[in-house]
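Enquirer: structure for this input, please:
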Amino acid sequence: MASPPVEVRRSARRKRMVSARREGDRVVVFIPGWMSAEQERDWVAEMVKRIEASEARRRSPGRSGDEALLARGRELSQRWLEGRPDPVSVRWVPTMRTRWASCTPDDRTIRISERLRDAPGWVVDYVLVHELAHLLSAAHDEVFWSWVHRYPRTERAIGYLEGLNAAAALGITGVDGDPSTGDDDPPAAPGQELPEGPVAATGS
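Expert: Here you go, the predicted structure:
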């Protein structure tokens, strides 16, 4: 997989610490203003390596293929949705232009965009729960969202996907084409912040 685009932010107030985080599809590296160009190159390479290693550990167990993705979907159904949704198939599909995933309740099939294959596992889990909930309620109504919000990282995952969408200018609305928030949606859980991605730092 290609390395992500990198943005370096220098700060005169930052004296010793180097840190990094994800912002959409980019890695932002924060460095002290006094660092040389050579030191900057070395630290950027190191911090991107740490970010990618951390993300690799957190990727979805369904990443390996359709069979694993179906198994993960059934596991999430049991864990969060009382085992009621029983998908016939859950599979990775080529990148969708306007959505992250889709579901056909009539034949109980779910499709997840390849764009999410390298996303953190908890984000893919949210998308799976979202689509599984459509097997219980086809519309984005109050019943649907009551099921989805059983998954505890729903709001954080919505924030992650919105940030990724904005950073890459993808034009995606919601998970499967409908808004992620709106009049029919429950309010965001209080006290939750948008994820910033893994942070690595050194005091040397």
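Enquirer: tell me the pLDDT of the residue nearest to the spatial centre of the chain.
Expert: With distances taken as C-alpha atoms, centre = their mean, residue 123 lies nearest the centre of the chain, 3.6 Å away. At residue 123, the pLDDT value in this model is 92.
Enquirer: how near is it to residue 60?
Expert: If you measure residue 123 against residue 60 using C-beta to C-beta, to the nearest Å, the figure is 8 Å. Placement of C-beta: from N, CA and C, glycine included.
Enquirer: what does residue 11 give?
Expert: 35 Å.
Enquirer: more crowded one of those two?
Expert: residue 60 (22 against 11; other C-beta atoms under 10 Å).
Enquirer: and that one, what does it touch?
Expert: 69, 72, 117, 119, 120, 121, 124, 125 (C-beta atoms under 8 Å, 6 or more residues apart in numbering).
Enquirer: got those as a markdown table, with secondary structure, neighbour count and distance to residue 19 columns?
Expert: Output for these, formatted as a markdown table (DSSP: H, G, I helix; E, B strand; the rest coil; neighbours: other C-beta atoms under 10 Å; distance: C-beta to C-beta, whole Å):
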| residue | secondary structure | neighbour count | distance to residue 19 |
| --- | --- | --- | --- |
| 69 | helix | 25 | 33 |
| 72 | helix | 20 | 32 |
| 117 | coil | 17 | 27 |
| 119 | coil | 24 | 22 |
| 120 | strand | 23 | 19 |
| 121 | helix | 16 | 23 |
| 124 | helix | 26 | 26 |
| 125 | helix | 24 | 27 |
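Enquirer: coming back round to it: the residue nearest to the centre of the chain and residue 116 touch, don't they?
Expert: Yes: counting by C-beta atoms under 8 Å, residue 123 does reach residue 116; the two are 6.9 Å apart.
Enquirer: report the longest helix in the chain, please.
Expert: If you go by DSSP state H, the chain has its longest helix at helix 37-58.
Enquirer: what's the average pLDDT for it?
Expert: Rounded mean pLDDT across helix 37-58 is 84.
Enquirer: what's the spacing between that helix and its chain's center?
Expert: 20 Å (C-alpha atoms, centre = their mean, to the nearest Å).
Enquirer: from the rest of the structure, what touches it?
Expert: Residues contacting helix 37-58 (C-beta under 8 Å, 6+ apart): 3-4, 6, 8, 18-22, 27, 29, 31, 35, 118, 120-122, 197-198, 200.
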